[in-house]
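Visitor: Next input, structure requested:
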Amino acid sequence: MRKGSRRLRVLTWHVHGNYLWYLSQTPHDFYVPFKPGRPHPYGGRAGTFPWPDNLHELPANEVRRRDFDCVVFQAKRNYLQDQHDILSEAQRRLPRIFVELDPPLEHPFAQPHVVNDREILLVHVAHWNALMWDARATPTRVIEEGVIVPDDVRYTGELPRGITAINHLRGRGRRMGADLFSVARERVPIDLVGMDAESLGGLGEIDPPRLAKVQARYRFWFSPIRQTSLQLAILEAMMVGLPIVGFQTGELASVIENGVNGVLDLSLDRLVDVMQQLIHDPVEAARLGAGARRTARERFSIERFTSEWDATLTEMAGRRRPSTRALRAGASSASSIREAQA
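Guide: Next up, the predicted model:
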């Protein structure tokens, strides 16, 4: 927390567990609503994450009675529906931030963002996203992601195999590279982990706290993705020390430097050749992995991430407009003064 600033109360939703966990490392109090049965995005503190003490859950029907300094939307539904369902009129006048976790999915560069409001700050997690979205009148900012891995987890590369960690890869299809993964796996040993990974012959879901330790044993991390934000799983793998092999698209092209921390290309055949070389050359894989770890520590540290979020939340909370109650009280006082002067 910045010197002289106060601890803020921030309302948000449990949309993406990984991002919520990292966001809650920021030194403010975050509140996530829950409903009976904990349906998405009202899961509260559900899941296997080691949630910090500053992440609080509260029943959705109590949100209107609480006082917050800022509201952070993490999905289109939060903005279009949830705020109207559970927030009071005064709360909907609070400083608001929309965190956009994805690039435009309906059109690669001409899709208008759902938010078109000069009073809301649109925060992108990657410069690629900011470039591709049409934000219209909404002010924007980029806060690149930051990650943590356990201090005692480091790359060993003992398994002469690659790993890919993508949830629901089969159902997400071509955009996430399900077809490219299937072709590559026929020529290179690659394990798939994540939700529904079994449907593609993968190993299944691994609890987030355990994923870094599991990934550390693999020789490299393969990204078959055509179009998405920079995956947190990739950054976690880099922080552990895995070299990254993938396609030269999106934000990843600004992160991976060939021969330094991994290899990117637009040809699957050439990437297959690279992966086969890394399987047979663990020394080179370790060298590239060390470069990946350096990049992750320099660019995607949790300290940089939380510092930028602390500054952004403090800035936005400073813009807080008077509540409707205060506005009514002010109007009443002004009216009384005018009557007395008359």
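Visitor: Show the contacting residues for the nearest residue to Ala60 once chain neighbours are set aside.
Guide: In space, and not counting its chain neighbours, Ala60 is closest to Pro33: 4.0 Å by Cβ to Cβ, 6 or more residues apart in numbering. Where C-beta positions appear, they are placed from N, C-alpha and C, glycine not excepted. Counting by Cβ atoms under 8 Å, 6 or more residues apart in numbering, Pro33 touches 11, 13, 42, 44, 57-60, 63, 86.
Visitor: which one of the residues you listed is nearest Met316?
Guide: Lowest distance from Met316 to these (Cβ to Cβ) belongs to Leu11, with 12.6 Å.
Visitor: Could you verify my assumption that the closest one touches Gln74?
Guide: No - applying Cβ atoms under 8 Å as the test, Leu11 and Gln74 come out as separate, 11.1 Å apart.
Visitor: between these two, who's got more neighbours?
Guide: Remark: of Leu11 and Gln74, Leu11 carries more neighbours, 25 against 22, as counted by other Cβ atoms under 10 Å.
Visitor: ranges for the helices of the protein?
Guide: Taking DSSP state H, the helices of the chain run over residues 17-23, 76-77, 83-86, 127-132, 169-172, 178-187, 208-215, 232-240, 268-280, 282-299, 302-317, 324-341.
Visitor: most packed of those helices?
Guide: Ranked by mean neighbour count, the helices of the chain are led by helix 232-240 with a mean of 26 (mean count of other Cβ atoms under 10 Å).
Visitor: Could you list every helix and strand in contact with that helix?
Guide: Helices and strands touching helix 232-240, by 3 or more Cβ pairs under 8 Å, 6 or more residues apart in numbering; DSSP states H and E, are helix 17-23, strand 159-165, helix 208-215, strand 218-223, strand 244-247, helix 282-299.
Visitor: give me that answer again for 10 Å
Guide: Identification of packing neighbours for helix 232-240 by 3 or more Cβ pairs under 10 Å, 6 or more residues apart in numbering; DSSP states H and E yields helix 17-23, strand 159-165, helix 208-215, strand 218-223, strand 244-247, strand 262-265, helix 282-299.
Visitor: In JSON lines, list those along with distance to Leu313 and mean pLDDT.
Guide: Shown next, in JSON lines, are those (distance: least, Cβ to Cβ, whole Å; pLDDT from 0 to 100):
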{"stretch": "helix 17-23", "distance to Leu313": "10", "mean pLDDT": "96"}
{"stretch": "strand 159-165", "distance to Leu313": "29", "mean pLDDT": "98"}
{"stretch": "helix 208-215", "distance to Leu313": "24", "mean pLDDT": "91"}
{"stretch": "strand 218-223", "distance to Leu313": "31", "mean pLDDT": "98"}
{"stretch": "strand 244-247", "distance to Leu313": "31", "mean pLDDT": "98"}
{"stretch": "strand 262-265", "distance to Leu313": "33", "mean pLDDT": "98"}
{"stretch": "helix 282-299", "distance to Leu313": "21", "mean pLDDT": "98"}
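Visitor: Before I go, just wanted to say thanks for your time.
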